[in-house]
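Engineer: Here's a sequence, model it:
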Amino acid sequence: MTAKEPIKDLEFLRQRAENLLPKSRREIGNMPAEDIENLLNDLEVHQIELKLQNEELLQAYQELADARDCYADLYEFAPIGYLLLDDEMNIVDSNLAAADMLGLERKKLIGSQFTHYVAYDAQDAFYHYRQKVFASAEKQICELELRRHNGTPLVFRLDSVCYPSDSTSPIGSEESQSRLCRTALIDLTQEKDAQHLRQKTEQLQHEIDRTKQEQELAHYDRVSMMAEMATSLAHELNQPLTAITQFCDAALTLLKKESPSSAELTAVVNDTYNEAQRAGEIIRRLRAFLKKDEAGRFVVNIIPLIEETVHFIDFEARADSVDVNIQVPKKNHPLLVKIERIQIQQVLLNLMRNALHALEGSSNGKLSISVNAEDDKNVRVNIHDTGPGLDPDIVDHLFEPFRTTKLNGMGMGLTISRSIVESHGGRLWADTAGPGTSFVFTLPWVTE
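Structural biologist: Down below sits the predicted model:
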């Protein structure tokens, strides 16, 4: 409606008044002159009043038209989509925002089924929601995943209120057969994406903090193990140092001769060099084991790693008369795993030293470390001792923190070891079927 429409209405009223005028004129002709004069005066006053009222009416109509145009713009270009739905979920009307949200031109959107834009997994929830909407005059709210015309998923909040097309009939009455639903679409996609990103960031930070704590604890555990092994390490290092001293004495003795044999001197120097290399290798292994974890995982052959780790327990095993045996596949084929080398070496050393602890006081104890390809997916390492076996009371609590049978143990070795193995995608468990005890762990096999 525009501002000119009320003028047409006034012209129609004027025409009706002129049609009634002849009858009024016949009545006026029979009136006295004084009454006619008073009547004309009253008519002039009424004419002025009508003119003023007409001007006010025209102004009100103009303001109403401007307000309607303003609200129409607000409706069309609001950031919220507005839909008018019938009880069959046909879209009766839509603003431009709703058409843009659903990815269609408005003329194509109107007349289509709103359920076509509801995601498959949300159809049941939407069905119950529309039942609630058409059963009540109260506003109903829900969150749903909708699909744009091109299939892009979006998350919306729906605010809906139902009213009968016959406004005199209450909702739910038999008279209100045809019902309409006003629905506002509020796009929550960016908000949900930001919330999901925030949760992922918090989860990632938690994982980083947890990993850092586990690495610090694992490093402390390695230092503690080396402290416990200080005597054996000192003895192992003392052997090549003593030999170097003896070889140097022999060299000095040879040099004091008038004609020292060059062949003998060469042999002594070579022996001295070999013992120095041996001492250097002991120190290298110790430094590598004690340093902080290296970032990243690398593909390595686990067999040489096991053989190197056994060197750490050689002295303790000999001191307790324990026979250490490494069993590898007959075929000289590498078993490749992608690992943080120091961490897996820590697991191996922890389990080997636990086995030695179980064999303390036993005669002719045996410690076997076997490794093989369990299947096409995993490498299996089994560390078995011939000790008395585990106390049944602690079997179910082996991997709980602060559980230990050692006098000065922290009770964190097995907990840390399982955490390390599981972080590599493997498993660690105890096999108590006997005789003795086996600790077994698996790691994903990297096939060539």
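Engineer: hmm, who's touching the lengthiest strand in the chain?
Structural biologist: In the chain, assigned by DSSP state E, the strand with the most residues is strand 153-164. Strand 153-164 is contacted from outside by 101, 119, 129, 133-134, 136-148, 170-171, 173, 175-176, 178-189, 192, using Cβ atoms under 8 Å, 6 or more residues apart in numbering. Backbone N, C-alpha and C define where each C-beta goes, glycine included.
Engineer: do stretch 94-106 as well
Structural biologist: Contacts of stretch 94-106 (Cβ under 8 Å, 6+ apart): 75-84, 109-110, 112, 117, 146, 148-150, 152, 154, 156, 185, 187.
Engineer: ditto for stretch 345-356
Structural biologist: Residues contacting stretch 345-356 (Cβ under 8 Å, 6+ apart): 218, 221-222, 225, 228-229, 289, 305-306, 308-310, 312-313, 316-317, 320, 322, 367, 369, 381, 383-385, 387, 413-414, 416-417, 420-421, 428, 437, 439, 441.
Engineer: Mind checking what helix or strand follows the helix or strand bottoming out on mean pLDDT in the chain in sequence?
Structural biologist: Least confident helix or strand of the chain, by mean pLDDT, DSSP states H and E, is helix 5-29 with a mean of 61. The helix or strand immediately downstream of helix 5-29 is helix 33-77, counting by DSSP states H and E.
Engineer: between the next helix or strand after that following helix and helix 33-77, how big is the angle?
Structural biologist: On the C-terminal side of helix 33-77, the closest following helix or strand by DSSP H and E is strand 81-86. On the basis of axes from the mean of the first three to the mean of the last three Cα atoms, to 10 degrees, strand 81-86 is oriented at 110 degrees to helix 33-77.
Engineer: Partner strands of strand 81-86, with direction?
Structural biologist: As defined by DSSP bridges, the strand partners of strand 81-86 come to strand 91-94 (antiparallel), strand 179-187 (antiparallel).
Engineer: quick one, which of those is nearest to residue 340?
Structural biologist: strand 179-187 (44.8 Å; Cβ to Cβ).
Engineer: The helix or strand residue 326 falls within - what's its average pLDDT?
Structural biologist: Residue 326 belongs to strand 323-327 when assigned by DSSP H and E. Mean per-residue pLDDT for strand 323-327: 91.
Engineer: what do you get for stretch 388-408?
Structural biologist: 65.
Engineer: And stretch 247-256, by the same measure?
Structural biologist: 80.
Engineer: Show the buried residues in the contacts of stretch 94-106.
Structural biologist: 81-84, 109-110, 112, 117, 146, 154, 156, 185, 187 (16 or more other Cβ atoms under 10 Å).
Engineer: Out of these, the closest to residue 279 would be?
Structural biologist: residue 154 (68.9 Å).
Engineer: how much space between the closest one and residue 85?
Structural biologist: 18 Å (Cβ to Cβ, to the nearest Å).
Engineer: and if you look at residue 446?
Structural biologist: Applying Cβ to Cβ to residue 446 and residue 85 gives a distance of 58 Å.
Engineer: just residue 395 next, same as before
Structural biologist: 64 Å.
Engineer: Next, the residue nearest to residue 149 when sequence neighbours are not counted: phi, psi?
Structural biologist: Leaving aside its sequence neighbours, residue 149 sits nearest to residue 103 (Cβ to Cβ, 6 or more residues apart in numbering; 3.9 Å). Backbone torsions of residue 103, given as degrees, to the nearest 10, read phi 80, psi 30.
Engineer: what about residue 103, how many neighbours?
Structural biologist: By the measure other Cβ atoms under 10 Å, the count of residues near residue 103 is 15.
Engineer: picking up where we left off before, what strands line up against the strand holding residue 326, and which way round?
Structural biologist: Each strand that pairs with strand 323-327, with its direction, by DSSP bridges: strand 366-373 (parallel).
Engineer: relative to strand 366-373, how tilted is whichever helix or strand comes after the partner strand?
Structural biologist: On the C-terminal side of strand 366-373, the closest following helix or strand by DSSP H and E is strand 378-385. In terms of direction (the same axes, to 10 degrees), strand 378-385 departs from strand 366-373 by 170 degrees.
Engineer: any idea how far strand 378-385 is from the chain center?
Structural biologist: The chain centroid and the centroid of strand 378-385 are separated by 34 Å, computed with Cα atoms, centre = their mean, to the nearest Å.
Engineer: which residues of the stretch 101-250 of the chain score low on pLDDT?
Structural biologist: Low-confidence segments of the stretch 101-250 of the chain (pLDDT under 70): 165-178, 209-239.
Engineer: can you map out the helices along it?
Structural biologist: 106-109, 123-134, 189-228, 230-255 (DSSP state H, counting those that start in this stretch).
Engineer: Alpha carbons of the second one, as CSV, please.
Structural biologist: Right, the one you point to is helix 123-134. Taking C-alpha atoms only, helix 123-134 is exported to CSV below (Å, rounded to 0.1, in the frame of the first residue of the first chain):
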residue,chain,number,x,y,z
GLN,A,123,15.0,-36.3,10.6
ASP,A,124,13.7,-38.0,13.7
ALA,A,125,14.5,-35.1,15.9
PHE,A,126,12.8,-32.7,13.5
TYR,A,127,9.7,-34.9,13.4
HIS,A,128,9.3,-34.7,17.2
TYR,A,129,10.1,-31.0,17.1
ARG,A,130,7.3,-30.2,14.6
GLN,A,131,4.9,-32.3,16.6
LYS,A,132,5.6,-30.1,19.6
VAL,A,133,5.3,-26.9,17.5
PHE,A,134,1.9,-27.7,16.1
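Engineer: Report all helices and strands that that helix contacts.
Structural biologist: On a contact count with 3 or more Cβ pairs under 8 Å, 6 or more residues apart in numbering; DSSP states H and E, helix 123-134 meets strand 140-147, strand 153-164, strand 179-187.
Engineer: Give me the contacts around stretch 321-328.
Structural biologist: In contact with stretch 321-328 (Cβ under 8 Å, 6+ apart) are residues 303, 306-307, 310, 313-314, 316-317, 356, 359, 363-372.
Engineer: rerun that using 7 Å as the cut-off
Structural biologist: For stretch 321-328, the external contacting residues (Cβ atoms under 7 Å, 6 or more residues apart in numbering) are 303, 306-307, 310, 317, 356, 359, 363-371.
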